[in-house]
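In: just a sequence and a predicted model for now, questions to come.
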Amino acid sequence: MIAELLAAGLMTCAAPDTTVTLDAVTVTGKQRRDYEMRSSQATVQISREFLQQNLAGSLMQTLEGIPGVKAMAIGSGQSKPTIRGLGFNRLAVTEDGIKHEGQQWGDDHGLEIDQFAIDRAEVIKGPAALLFGSDAIGGVLALYTNHIPTKPFSGGVQLFGRTNNEQLGISAKVEGRKGAWFYRANATLIDYADYRVPTDSIQYYSYWIRLKDGRLRNTAGSERDGSVMLGYAGYNFHTDLRVSDSYSKSGFFANAHGLEVRLSDIDYDHSRRDIDLPYQWVNHLKVLSHTTWRNEATSVELNLAYQNNLREERSEPVSHGYMPKPDNSLERRFNKSTYTANASLRHTLGNHELRAGINGEWQHNRRGGWGFIIPDFETGSAGIFAMDRYTVADNLIVNAGVRYDLAQTHIRSYNDWFTTPVDGRDTYQQRSSDMRRHFNSFTWSAGVNYSTGLWVMKANVGKSFRVPIPKELGADGINYHIFRYERGNNGLDPEESYQIDAAISWGNDALEIQVEPYLNYFPNYIYLSPTAQYVEGLQLYHYTQARVLRWGLETEMTWHITPRWEASAQGEYLYARQQSGEKKGYTLPFSTPWSADGTLKYRFDLKSDGFVSLNAHIVGRQDEIVPPEKPTDGHWTLNIAAGKAFPIGSTMLRVALHADNLLNQRYYDHTSYYRLIDVPEPGRNFSMMVGVEF
C-alpha cells in the first residue's frame, strides 16, 4: 500500500488498466482504482515531485491548484489553508499523524512547517472527525516527513528565488540507512523583501496612502527551519523520533496597523528588506515519536508528541481609548504547549478490516503584552473510535464507524492593566471571566465504494463536531492587523455538521472526468459576524451561531491529446446560506467565489517528464456578502510553468520555473483581510527552483 501511495502522485480520476501521465510520475489505472477504493471520501495524494514542480511562496500556495483547496495569503511569505471554504480550527493539519497545534485561530498566523521537509501529502475533503477529532470538521491536510531512506547515504540541495518579493532561499537534506537503522536531517533558510502590488497607492478609511515603488512597506521576512530524525525499521517493528524547530519573523504592512503610523519616526522606505515595527515572530518546537508493530493480520500504532508554540507581536506603543501609552513594544505574546497521544489498532478478519483507536490532547496557553485579544486557557480532550471496512466484492466496499469524545476548557479571568472610568469610578475592567466548560459528542460515518467498467463511484455520509475554541468563547479586544474589534460569546454550543459527499470518475486512454459534489448542514455554525457598531474606532465583530446550509462541487477533466500534449480544465463552486439568526438569508462572511482553471501542457521529454504549461485562472465576482461586507470583482490571471530533470551520473538535477500573474493584473482576493483596506494581490512574479539530488 505504501508503495502504491508513493507512486500515485497527484491523483484525480482514472479507468481500470489504463495509463495516466501526471506531473511527476506515471501510474497505472488499476493502481489509481485501488487507491480510489481505499476511502469513501474525496481524497487527493500529492507527491514530493509535485511539491517541487509547483513550488510557491508557502506550502499552501504550492497546493492551491488542487480543486477545493485554497490559500489565505498572509503577506508574501505565509498563508493559511482552507478546504471547501473552511479553515482555521475547522481544518486539521497533521504531520506524521499528529495534529499541528499553533495559534491557528489568528487570520495572520501561518503554518509553522518546513515545506521542503515534506515527502508527500494527502488532502481529505469533508469531515474527518471520526479519525482525527474535533478540528477535522472541514477536512484534513495530512503531511508526511517520515520517508525511510534506502541508501547508506543520500541527500539533496535546493536553491530557489522569487522576483516579486526578492525571495532567496536554500534547503538541504541528508539521509542514510545502515541495516535497520536510519537517519534524516533537513535545514531551510529563506529571506524575502517587501512585496509588490500593481498599484501606487491604497485607500485606508478615506486616507490615500502612497506606496514607494508599488511595495507594501514592512512586509519583509525570514524563515529558519531545521529537523533531525533517527529511526529503526525492522521487519515487524518500526520506531522513529523526530525533532523539528521552525522560526519565522515577518513584518506587518505598516500602513495597515492604524493611522498612527503616519506619526512614526521609522523610515519604512529606507530599505525594502528591513523588518521594523510592527512585526511578528514565532518559534515552533515539535518532538514526535512514531512506533508501529505489525504482522500479517494486525498492526498497532502509537504516536506521542510535544509541541511548543511561542509567538510575539510587537508594535510601536500608542495610547488607545483609556489605555495610556505603554512603555514597551510587546503588544501580544502567546506561549502554547501541547501534549498529544494517539494509539490505534488495525486487524484484518476475513473480508473485514477492523480499526479502533484512542486520542488524547492537553493544551496550556499563556498570554502576555499590553494588548488583549484572547485569555489564558487550558483545554483537554479525549476520544475513542471504532470502524469496519468490509469488502463485499472486488468492486464493492462499504465502511462504517462511530466515535465518542469528551473535552473541557478552562478560561482564566483577565482585567485591564489600566483603569477606565465607570459610573464616576476608575475601574480595572474585566475582559474575560473565569469559566469552565465541558463538552461531549457522539459522531458517526458510513460510506460505500463501487467500481464498474470505466467508472468509479463513492459516497460518504456522517456527522462531525467541533468544540468552540477559547477565542470564540472569550475574545474581547482589538485585532489591529485585521482592522476590527472582536468579541467572544461564552454561551456557544459545540458545532455540529451533517454532510454527504460523493465522487464519480470515468476515464479511458484519452479522457478523464471527475465530479465531486457535497452537501453540508450545520445546526449551529459558529462564526465571527460583522456589525455596524464601532469600538475604539474599529468595526465590531462578534461570535454568534446560526443554522447554515452549504453545498458545492469540484470538477476536473483531462484530455490526453497525444503522448506529448495534454489539456485540462477544473472548477469549483460553493453556496452557503444562513437559515437562522441575525443574518438569516445571507451567506457566510468572506465566502469563497467560484473559480475555474484551464491548462495546456506540452511534454518535451517523456523520459525525464520535462514539460511547459500555460494556465488561465479565472475567479468570479463575489456578490454573496454579509453586510457591511462589500462585493469583490472577479478577475483572471495568466500563468506559465516549466520543469525538467537532468540525470548526471548518479545525481539528478531538477529545474522548475514559474511565471505567475504574467500580465500584472490588479485584482482582489475576497478572502484576504487586506482587501478591506484596498490592498490588491501581488503583481507579476517569476520564480525558479534548482535542485540537486545525490
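Out: Structure's in. What do you need?
In: so who does the residue most central in space within the chain touch?
Out: Centroid-nearest residue in the chain: residue 81, 2.4 Å away (criterion: Cα atoms, centre = their mean). Residue 81 is in contact with 60, 63, 69, 70, 71, 72, 87, 91, 93, 111, 141, counting by Cβ atoms under 8 Å, 6 or more residues apart in numbering. C-beta coordinates here come from the backbone N, C-alpha and C atoms, glycine included.
In: and of the residues you listed, the nearest to residue 265?
Out: Nearest to residue 265 among these, counting by Cβ to Cβ, is residue 72 at 32.8 Å.
In: with adjacent residues omitted, what lies nearest to the closest one?
Out: Closest residue to residue 72 apart from its sequence neighbours, by Cβ to Cβ, 6 or more residues apart in numbering: residue 80 at 4.2 Å.
In: that neighbour touches residue 90, doesn't it?
Out: No: look at residue 80 against residue 90 with Cβ atoms under 8 Å: they stay out of range, at 11.4 Å.
In: what's the burial count for residue 236?
Out: 10 (other Cβ atoms under 10 Å).
In: I'd say it and residue 295 touch.
Out: Yes: Residue 236 lies in contact with residue 295 (Cβ under 8 Å); the separation is 6.1 Å.
In: mind checking pLDDT for the residue lying closest to residue 396 once chain neighbours are set aside?
Out: By the measure of Cβ to Cβ, 6+ apart, the closest residue to residue 396 outside its immediate chain neighbours is residue 450, 5.3 Å from it. Note on residue 450: pLDDT of 96.
In: doesn't residue 131 fall inside a helix?
Out: Yes: with DSSP: H, G, I helix; E, B strand; the rest coil as the criterion, residue 131 is located in a helix.
In: burial count for it?
Out: Residue 131: 22 neighbours (other Cβ under 10 Å).
In: make 34 the first number, not 1, from now on.
Out: Sure, I'll start numbering at 34, so the last one becomes residue 164.
In: who are the contact partners of the nearest residue to it once chain neighbours are set aside?
Out: Nearest residue to residue 164, sequence neighbours excluded (Cβ to Cβ, 6+ apart): residue 418, at 6.6 Å. Listed by Cβ under 8 Å, 6+ apart, the contact partners of residue 418 are 163, 164, 389, 390, 391, 392, 434, 435, 436, 437.
In: and the gap between residue 418 and residue 165?
Out: 10 Å (Cβ to Cβ, to the nearest Å).
In: what of residue 225?
Out: 33 Å.
In: can you check residue 230 too?
Out: 37 Å.
In: one more: residue 334?
Out: 14 Å.
In: so which of these two has more stuff around it?
Out: Legend: neighbour count by other Cβ under 10 Å for residue 334 and residue 165, higher for residue 165 (24 against 17).
In: for that one, what are its contacts?
Out: 125, 127, 132, 173.
In: what about residue 634, which helix or strand?
Out: Element membership for residue 634 (DSSP states H and E) is strand 628-638.
In: just the helices in the protein please.
Out: Ranges of helices in the chain, per DSSP state H, are 35-41, 62-69, 81-86, 92-96, 162-165, 503-507.
In: neighbours of residue 617, how many?
Out: That count, for residue 617 with other Cβ under 10 Å as the rule, works out to 11.
In: report the contact partners of it.
Out: 579, 611.
In: how about low-confidence regions in the stretch 484-633 of the chain?
Out: 514 (pLDDT under 70).
In: returning to what we had before: buried sites along the strand holding residue 634?
Out: 628, 629, 630, 632, 634, 636 (16 or more other Cβ atoms under 10 Å).
In: cool, stretch 517-537 as well?
Out: In stretch 517-537, counting by 16+ other Cβ under 10 Å, buried: 517-521, 525, 527-530, 532, 534-537.
In: and it, how far out from the chain's middle?
Out: 17 Å (Cα atoms, centre = their mean, to the nearest Å).
In: over to stretch 633-642?
Out: 30 Å.
In: check the separation of the first and last residues in it.
Out: 15 Å (Cα to Cα, to the nearest Å).
In: next: stretch 563-578.
Out: So stretch 563-578: terminal residues 13 Å apart, Cα to Cα.
In: and that stretch, what's buried?
Out: 563, 564, 568, 571, 572, 573, 574, 575, 576, 577, 578.
In: and that stretch, how far out from the chain middle?
Out: 26 Å.
In: ok, residue 234 to residue 251 distance?
Out: 16 Å.
In: and what of residue 273?
Out: 41 Å.
In: neighbour count for these two, which is higher?
Out: residue 251 (27 against 20).
In: how far away is that one from residue 509?
Out: 28 Å.
In: repeat that for residue 130.
Out: In terms of Cβ to Cβ, residue 130 sits 36 Å off from residue 509.
In: and residue 341, by the same measure?
Out: Counting by Cβ to Cβ - residue 341 and residue 509 are separated by 26 Å.
In: compare the helices of the chain and say which comes out lowest on pLDDT.
Out: Taking the mean pLDDT of the helices of the chain, helix 35-41 comes last: a mean of 37.
In: okay, the closest residue to residue 115 other than its chain neighbours: pLDDT?
Out: Leaving aside its chain neighbours, residue 115 sits nearest to residue 103 (4.6 Å; criterion: Cβ to Cβ, 6+ apart). For residue 103, the pLDDT comes out at 85.
In: try the one 3 residues further on
Out: What the model reports as pLDDT for residue 106 is 69.
In: now residue 159
Out: Looking at residue 159, the pLDDT reads 80.
In: what about it, neighbour count?
Out: Neighbours around residue 159, by other Cβ under 10 Å: 27.
In: give the contact list for it.
Out: Residue 159 neighbours (Cβ under 8 Å, 6+ apart): 74, 75, 117, 171, 172, 493, 532, 534, 551, 553.
In: go with 7 Å
Out: Residue 159 makes contacts with 74, 75, 172, 493, 532, 534, 551, as judged by Cβ atoms under 7 Å, 6 or more residues apart in numbering.
In: residues in contact with stretch 696-714?
Out: 105-106, 140, 230-232, 235-237, 249, 289, 515-516, 623, 625-626, 655, 665-666, 668, 670-671, 716-717.
In: how does it look with 6 Å?
Out: 105-106, 140, 230-232, 235-237, 289, 515-516, 623, 626, 655, 665, 668, 670-671, 716-717 (Cβ atoms under 6 Å, 6 or more residues apart in numbering).
In: quick one: buried ones out of the residues you listed?
Out: Applying 16+ other Cβ under 10 Å to these flags 105-106, 140, 230-231, 235, 237, 289, 515-516, 623, 626, 655, 665, 668, 670, 716-717 as buried.
In: from residue 436, how far out is the nearest residue to residue 435 once chain neighbours are set aside?
Out: Nearest non-adjacent residue to residue 435, counting by Cβ to Cβ, 6+ apart: residue 477, 4.9 Å away. According to Cβ to Cβ, residue 477 and residue 436 sit 7 Å apart.
In: so what's the residue count around residue 684?
Out: By other Cβ under 10 Å, 12 other residues sit near residue 684.
In: poorly predicted segments of the stretch 234-383 of the chain, please.
Out: For the stretch 234-383 of the chain (pLDDT under 70), the answer is 238, 290-295.
In: which residues does the closest residue to residue 314 other than its chain neighbours bridge with?
Out: Of all residues not flanking residue 314 in the chain, residue 282 sits nearest, at 4.1 Å (Cβ to Cβ, 6+ apart). On the basis of DSSP bridges, residue 282 takes part in beta bridges with residue 255, residue 314.
In: what sits against residue 282?
Out: 254, 255, 308, 314.
In: which residue is the nearest non-sequential neighbour of the first one?
Out: Read it as residue 254. residue 283 (3.3 Å).
In: roughly how far apart are residue 310 and residue 299?
Out: 7 Å.
In: which residue of those two possesses the greater neighbour count?
Out: residue 310 (20 against 15).
In: what's around the residue nearest to the more buried one when sequence neighbours are not counted, how many residues?
Out: Spatial nearest neighbour of residue 310, chain neighbours left out: residue 349 (4.9 Å); criterion: Cβ to Cβ, 6+ apart. Residue 349 is flanked by 20 other residues according to other Cβ under 10 Å.
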